[in-house]
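J.: My questions are about this predicted structure, shown below with the sequence.
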Amino acid sequence: MRRVNTDVVGDKPVRNDAGEMSMSEEAKQQAWFEHYKRLLNVEFEWDPGHLSDKPPLEGPPIPITIEMVKKAIAEMKTGKAPGPSGVVVEMMRAAGDSSAIMLHDLAMAIIRRGTTDAIFVVRQLHEKYLAVNERLYMAFVDLEKAFDRVPRQVIWWALRKLGVEEWIVKLVQKLGRIPMCHTGVGSNSIHCKGCKHWVHKKCSSLKHLKEDPNYRCPKCLGTARPIDGRPQKEVQVGTDKLEVVASFCYLGDMLSAAGGCVLSTITRVKTAWNKFRELMPILSSRHLSYKTRGRLYSTYVQITMLYASETWPLPKPDLRLGQNDRAMVRQICRVEPEDMASVRSSELLARLGIDDLDAILREKRLRWFGHVARSSGAINNVFNMKQAF
């Protein structure tokens, strides 16, 4: 008899929903897919028979018009208490067409502005407190788990019952697509015996990952590296203890306890590359002209990279944004690595018919400054807040 040793190569196996061990990479991805599919699709018990049939409203999106605003004002109930603005329905009706025009302009500005106002207010508060070395705590309430348990069919039925057009319903449906974890927890991680959490290699303080049933992470051992800008790990609010984190994603923008916009630029670059890879077959197609590809790139990729950039505290142009933007432009124009030294970026931008990223960012920041200077309410209050604490 001869004894032969067999080397086990690869990551640790994953147990699927059936309790079986998944050994291959495809089987492990399928196991994680089934896990997240079950996790993100747990709904409350409900009876589909109670929902009446509501046909979808097909057709192109209808723009907001002044006539629609007038109709909405006419259907509003009178005798209601005013909101924070102090404006009641009777005042809007008495103003006639001028109030409808003002409300129409306000609605269009909100659609164009999106969430940038809220991001600006949070960033201004953060930077002003950091300037005087004062602590600022912001509590974010996450209602995602509560909304995730609402039955999807009930949401679609409610939207159609309210007369929401079908293109908007389909847009909301796409927001609830099930994510697929390709390099999820367990593929490059080790399990901690103390806190029972998976710890990635870069945070495990290990040079080489190997199975260790007695492994304890640096956090359990009390040797975790302190995070810059985080004065303490938790704060007491009444009877509850809230965790203090080093960074937080707020409306798509990354906020860091240490201030600045380094995390934001890194996140936006990663998001832009994901969008660029999705559109790569179109952006590199020889059947489209350079001008068409440039418009597509500017509309879908550049706008993703510069999301909320007008609120960033940038003392000088960020090199990370410019370098990644030029790398994408070279790929669109099919510039070979050996030709990069001889082809200027300005020539490629002119070929695509787009502006330099620094010029776009400068224009966005100047336009935003004008918006802030003319604004009132929360934006004006936080912008003119005195740093006297």
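T.: Nice, I can see it.
J.: Please name the residues that touch residue 164.
T.: residue 57 (C-beta atoms under 8 Å, 6 or more residues apart in numbering). Using the backbone N, CA and C atoms, a C-beta is placed for each residue, glycine as well.
J.: what does residue 54 give?
T.: 157, 160, 161.
J.: Could you measure from the second one over to residue 171?
T.: Put plainly, it is residue 160. As judged by C-beta to C-beta, to the nearest Å, residue 160 and residue 171 stand 14 Å apart.
J.: Pull up the per-residue confidence for the residue nearest to the spatial centre of the chain.
T.: Nearest to the geometric centre of the chain sits residue 252, at 2.9 Å (C-alpha atoms, centre = their mean). Looking at residue 252, its pLDDT is 80.
J.: didn't it look like it was pressed against residue 264?
T.: No. The criterion here is C-beta atoms under 8 Å, and residue 252 misses it with residue 264 at 9.5 Å.
J.: quick one: common contacting residues for those two?
T.: With C-beta under 8 Å, 6+ apart, residue 252 and residue 264 have common neighbours residue 308.
J.: Can you give the distance from stretch 269-277 to the centre of its chain?
T.: For stretch 269-277, the separation from the chain centroid amounts to 12 Å (computed by C-alpha atoms, centre = their mean, to the nearest Å).
J.: Tell me which stretches of the stretch 101-250 of the chain form helices.
T.: Along the stretch 101-250 of the chain, the segments classed as helices by DSSP state H, counting those that start in this stretch run 116-131, 144-148, 152-161, 166-175, 218-221.
J.: related to what we said a few turns ago, and residue 160 and residue 171? which has more neighbours close in?
T.: residue 160 (17 against 12; other C-beta atoms under 10 Å).
J.: Check the helices of the stretch 101-250 of the chain for me: which has the lowest mean pLDDT.
T.: Ranked by mean pLDDT, those end with helix 144-148 at the bottom, a mean of 56.
J.: Start and end of stretch 69-89, how far apart?
T.: From its first residue to its last, stretch 69-89 covers 13 Å (C-alpha to C-alpha, to the nearest Å).
J.: swap in stretch 335-354?
T.: Across its full length, stretch 335-354 reaches 17 Å between end residues, using C-alpha to C-alpha.
J.: List the buried residues for that stretch?
T.: Neighbour-count burial for stretch 335-354 flags 335, 345, 348, 349, 351, 352, 354 (criterion: 16 or more other C-beta atoms under 10 Å).
J.: do the same with stretch 308-320
T.: 308, 309, 310, 311, 312, 314, 318.
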